[in-house]
Structure formats: structure tokens, C-alpha cells
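S.K.: Got a predicted structure plus its sequence, pasted below:
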Amino acid sequence: MKKFAAVFLFLTVCVCVHAQTLTWDIKFLRLQPQKFESVSDTITMETGNQFIFTVKPDVNAYCYVVAKMSSGAVAVMHSQPMKGSVEIFFGPFALAEPVGSETIHVIMSLERQTNLENLINAFQKESDSKHHADSLYQEVMRLKNDALANETESKYIPLDTAGAMQHYVTRFSGGALYVGTIFIRHNPVTVLL
């Protein structure tokens, strides 16, 4: 009977761990004028505009944030595990020349992404190496394609409507691996005559 109970308990734990899904949020705040944006849409901003964003998982997860700037440069902004219900702040960032597209990929996973971590480590040792930057970004794109095949829809939802500014969040839920992309169309400053 003890053996049966032990096997049942082991199988129950395995099923619960395997069935765990990830819910997590991104809040993106444009600072001039202050406005929350959905990361499900392209965000249009001008040179000099500032923004911050936050990431918050509901359970312990691995978080990797890799950006590709309009200059073509790649940057690793985060590559650490995150505690559930703990919000991490990124920024403030200001858009700098050249104009173009700024792309920030937030990779959230219930499992450690060892290949990505190895590429991040190699890139950080030689950040001026085009080979390491290209290899890292190719892995991010591979993970994004894998995540898209299993992704459920993201939702842009109000969190709080009190005060002068509504708080919104883009929420991802139902999977074990996500690549949430913040795509910023970076325009030159508009000159009013």
C-alpha cells in the first residue's frame, strides 16, 4: 500500500508540474505624454521620447529581455529567473538617433533556456562581435517562432481606472513559453511651424 501511495503521489506531482502554465504581464508606459500602450500593437514614438516598461509573472519563471535597436545593435537587458508576483522595472529609456524600428523581445519561460543563456554569455563576453550578436538574435527569433505555434492570445486589459490616467496591462496566459515583442516605430521629431 505504501508503494502504491508513493507512486500515486509521484505521478500527481509530475502531472501538476507538467500542466503548469504561465500568466504574465507587460506594462508599457510612454512618458511624454504619459500613456499606457498595448504591446500587441506597434507603438509610434519620436526621437527623444521616453518610456518605461515592467514585467511581472504570476509564478516563478525565467525571463530574458533582448533588444535590437534602430542602429542594428543588439542588447541584453535581462537574463535572470524571476519570482512570481514580483514586478521588474526597465527604464526610463529615451529613443536616440537613428530613426527606424526598435524591437524589444521579452522571453518568459517556465523552463530554463540553456541554449539562449549560452549565447547570451558568449555575447556578453564579446559584445562587439557581430557573429555573437547575430547568433543570439537568431535564437531569439527561433524561440519566438516556437512560442507563436503554441501561443494563446494576449489581452490588453484595464487594471485601474481611478485617477487621471487609466492603467493598462498586456497579459499573456495559457502557455509555458512566450516571446512578447514590443515593437516601436521610431520617427524623427515632428516640427510644428
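M.R.: Happy to help now that I have it. Numbering: from 1, shown residues only.

S.K.: contacts and neighbour counts: CA atoms only from here.
M.R.: Noted.

S.K.: Surely Leu22 and Arg171 touch.
M.R.: No. Judged on Cα atoms under 8 Å, Leu22 makes no contact with Arg171 at a distance of 10.4 Å.

S.K.: okay, and for the protein, where does confidence drop off?
M.R.: 1-19, 151-153, 159-165, 191-193 (pLDDT under 70).

S.K.: Show me where it has its helices.
M.R.: Under the criterion DSSP state H, the chain carries helices at the ranges 2-19, 114-125, 130-150.

S.K.: Residues in contact with the longest one: which ones?
M.R.: Applying Cα atoms under 8 Å, 6 or more residues apart in numbering, the external contacts of helix 130-150 come out as 66, 74, 105, 116, 119-120, 122-123, 126-127, 175, 177-179.

S.K.: Give the buried residues for that helix.
M.R.: 132-133, 135-137, 140, 143-144, 147 (16 or more other Cα atoms under 10 Å).

S.K.: Next, count neighbours for the closest residue to Ser129 other than its chain neighbours.
M.R.: The shortest distance from Ser129 to any non-neighbouring residue, by Cα to Cα, 6 or more residues apart in numbering, is to Phe123 (7.2 Å). Other residues near Phe123 number 22, with proximity taken as other Cα atoms under 10 Å.

S.K.: distance of Phe123 from Ser109?
M.R.: 21 Å (Cα to Cα, to the nearest Å).

S.K.: Give me the nearest residue to the residue nearest to the spatial centre of the chain, chain neighbours excluded.
M.R.: Among the residues of the chain, the one closest to the centroid is Val106, at 1.7 Å (Cα atoms, centre = their mean). Setting aside the residues directly before and after it, Val106 is nearest to Val65 in space (Cα to Cα, 6+ apart), at 4.6 Å.

S.K.: Might one say that that neighbour is in contact with Ser109?
M.R.: No. Contact between Val65 and Ser109 fails when scored by Cα under 8 Å: they sit 11.7 Å apart.

S.K.: In contact with the residue lying closest to Met77 once chain neighbours are set aside, which residues?
M.R.: With sequence-adjacent residues excluded and distances taken as Cα to Cα, 6+ apart, Met77 is closest to Val65, at 5.2 Å. Counting by Cα under 8 Å, 6+ apart, Val65 touches 76-79, 104-107.

S.K.: which residues does Val65 bridge with?
M.R.: On the basis of DSSP bridges, Val65 is bridged to His78, Val106.

S.K.: For it, give its distance to Phe53.
M.R.: Val65 is 11 Å from Phe53, by Cα to Cα.

S.K.: same check, this time on Tyr156
M.R.: From Tyr156 to Phe53 the distance is 14 Å (Cα to Cα).
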